[in-house]
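In: Got a predicted structure here, sequence first:
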Amino acid sequence: MVGISKLDAPFKLAQFSQNIVQALHQEFKKLDPNIDIFPVIKHNGISFEVKGEIAVNVSVKGKKNYFAMKNLLDYGYMVSEIDGFIDFPSPAIKKMHEIQGIQLGEGKISIEPKNKLQCPTDLIFKDKLNNEIWEIPTFANLYIGQKGFTINISLFNEIVTLTTEGVSFVEMKKGLSGKINLSINPNHILNKSIFELNSLESLVKFLRLLLEGNKPKIKIKSEHGELMSFSFSTTAQKIRNFIHRYFGDLNLILMLKTIAQYTNQNLEIRKNFGIDEKIYNDIRNCYRAIQGNYSQECKPSNIIRFTLLKSHNLNDFNLKETHSIKIDQEFDNPLFIMEQNFNLPKIAHCFSAVKFHKTDNISSLDMDISVEMKPQKGCFYQLVLVK
């Protein structure tokens, strides 16, 4: 190549390069006449373009990996990577790998199915009166195998995945209820700014509706109309526990996002939340106050404690009547959350149906006192004053 590069004949040099491509192609053809391998010469090396069907030998170890591979062949889809070994019988492919310096051996195998059909899909929630309350437009991937098919649906930027078990073409007529697996991948939200999580509100709403017992219906469509429809249930306790575990974490992140937007603070989502019950209650109380619906989600078993109610006179209140009251709360120290400092703003808690109750002989409130808010029946609140 050094000698050729000294020639003042760039056209002939380009032609010589093409001759190299043809010569290598013929050498590969002699090794395997069933496929065509064309070298692609670049300034920093050489790559190959392969045309034709290539035979592959795949070996797997263990029952789990075996059934994963069998499911791929029968129903067109492989859920995750498997442990195994890949070998190519073609001597031409082996020669190509040798030139590239690629050594095949045992490792992780991930196979992308060839027969895939993408269809527009609607996921619909209805209330107990069968009224539609929420529709989520998305897409479903249908993977076709030798015996049947698998449906894979991703929601909310691939955080939630709905996957059917292998469904035979005969079973398709019976419906797919009860054959849906739900998985959640939190890796799509980790190590990101809290402001980047655009689908968080919808994700929390989706999980809340499932926990409330809603049974969503899935409609898969084609250009000619509805292809199939089915529903899935999350009433099994194992599934509910799984959803509830993620719902608690994601709902907390949603509350933090609302507070972060209110105070213009950034927060990176990390695995180590490090949140104890007191910090969680502070975040929840702050979130509810910002939303203006603090008292709506309280259960009668809860006791909400505040400290610092100042400069009120008890004589201004009739203990037999209901009153509106506002309590200011300040957070002096920043919270250390997800290995970062996070400041909660000063918040005001407003209650519209409060009854006063004295636990001691308190004639005036010219001093700092301790306050307990106790939800009562009929959405009334009892304000308990303690010296």
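Out: Great, that's in hand.
In: Only C-alpha atoms from now on, for both contacts and neighbour counts.
Out: Noted.
In: my read is I41 is in a helix, agree?
Out: No. Secondary structure of I41 (DSSP: H, G, I helix; E, B strand; the rest coil): strand, not part of a helix.
In: Run the chain-centre distance for whichever strand or helix holds D282.
Out: Using DSSP states H and E, D282 sits within helix 277-291. Centroid separation between helix 277-291 and its chain, computed with CA atoms, centre = their mean, to the nearest Å, is 24 Å.
In: Does anything pack onto that helix? Which helices or strands?
Out: Applying 3 or more CA pairs under 8 Å, 6 or more residues apart in numbering; DSSP states H and E, one finds that helix 277-291 contacts helix 237-263, strand 347-358.
In: Just put these in CSV and tack on mean neighbour count.
Out: Shown next, in CSV, are the helices and strands packed on helix 277-291 (neighbours: other CA atoms under 10 Å):
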stretch, mean neighbour count
helix 237-263, 16
strand 347-358, 18
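In: I'd guessed F88 sits against D32; true?
Out: No. Using CA atoms under 8 Å, F88 is not in contact with D32, being 11.8 Å away.
In: how far does stretch 231-243 sit from the chain's center?
Out: Chain-centre distance of stretch 231-243: 17 Å, with CA atoms, centre = their mean.
In: End to end on that stretch, go ahead and measure it.
Out: Stretch 231-243 stretches 17 Å from its first residue to its last (CA to CA, to the nearest Å).
In: model confidence over it, on average?
Out: Averaged over stretch 231-243, pLDDT sits at 86.
In: quick revisit: hmm, who's touching the helix holding D282?
Out: 252, 255-256, 258-259, 294-295, 335, 344-345, 347-350 (CA atoms under 8 Å, 6 or more residues apart in numbering).
In: in it, what counts as buried?
Out: I283, R284, N285, C286, Y287, R288, A289, I290 (16 or more other CA atoms under 10 Å).
In: give me the low-pLDDT residue ranges for the stretch 1-150 of the chain?
Out: Across the stretch 1-150 of the chain, the ranges flagged by pLDDT under 70 are 1-17, 43-44.
In: where along it do the strands fall?
Out: Applying DSSP state E, counting those that start in this stretch to the stretch 1-150 of the chain gives strands spanning 36-42, 45-51, 57-60, 82-87, 106-109, 116-126, 132-144, 148-155.
In: Count the neighbours of the closest residue to I124 other than its chain neighbours for me.
Out: Leaving aside its chain neighbours, I124 sits nearest to E135 (4.5 Å; criterion: CA to CA, 6 or more residues apart in numbering). Per other CA atoms under 10 Å, the neighbour tally for E135 reads 14.
In: Isn't E135 up against S202?
Out: No. The pair E135 / S202 is not scored as a contact, 11.0 Å apart, by CA under 8 Å.
In: So for this structure, which residue is the most central one in space?
Out: Nearest residue to the geometric centre of the chain (CA atoms, centre = their mean): I159, 1.7 Å.
In: which residues does that residue contact?
Out: I159 is in contact with I184, N185, P186, N187, H188, I189, counting by CA under 8 Å, 6+ apart.
In: Please report which of those has the highest neighbour count.
Out: Within the contacts of I159, most neighbours by other CA under 10 Å means I189, with 19 neighbours.
In: Correct me if wrong: F28 contacts A92.
Out: Yes. Using CA under 8 Å, F28 is in contact with A92, at 5.3 Å.
In: Enumerate the beta-bridge partners assigned to H323.
Out: Note on H323: beta-bridge partners by DSSP bridges are V354.
In: could we number from 40 for the rest of this?
Out: From this message on, residue numbering opens at 40, which makes the last subject H362.
In: residues contacting it?
Out: Going by CA under 8 Å, 6+ apart, H362 touches F356, S391, A392, V393, K394.
In: before we move on, what about I376?
Out: F312, G313, I314.
In: Can you flag the buried ones in the residues you listed?
Out: Buried members of these, scored by 16+ other CA under 10 Å: none.
In: Now render the residues you listed as CSV, adding distance to T274, pLDDT and secondary structure.
Out: CSV is the format used below for the contacts of I376 (distance: CA to CA, whole Å; pLDDT from 0 to 100; DSSP: H, G, I helix; E, B strand; the rest coil):
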residue, distance to T274, pLDDT, secondary structure
F312, 29, 74, coil
G313, 30, 72, coil
I314, 29, 78, coil
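In: Could you list which residues are in contact with I223?
Out: The neighbours of I223, taking CA under 8 Å, 6+ apart as the test, are I198, V199, T200.
In: Out of the residues you listed, flag the one nearest to F77.
Out: T200 (39.4 Å; CA to CA).
In: residues near the closest one, how many?
Out: Per other CA under 10 Å, the neighbour tally for T200 reads 17.
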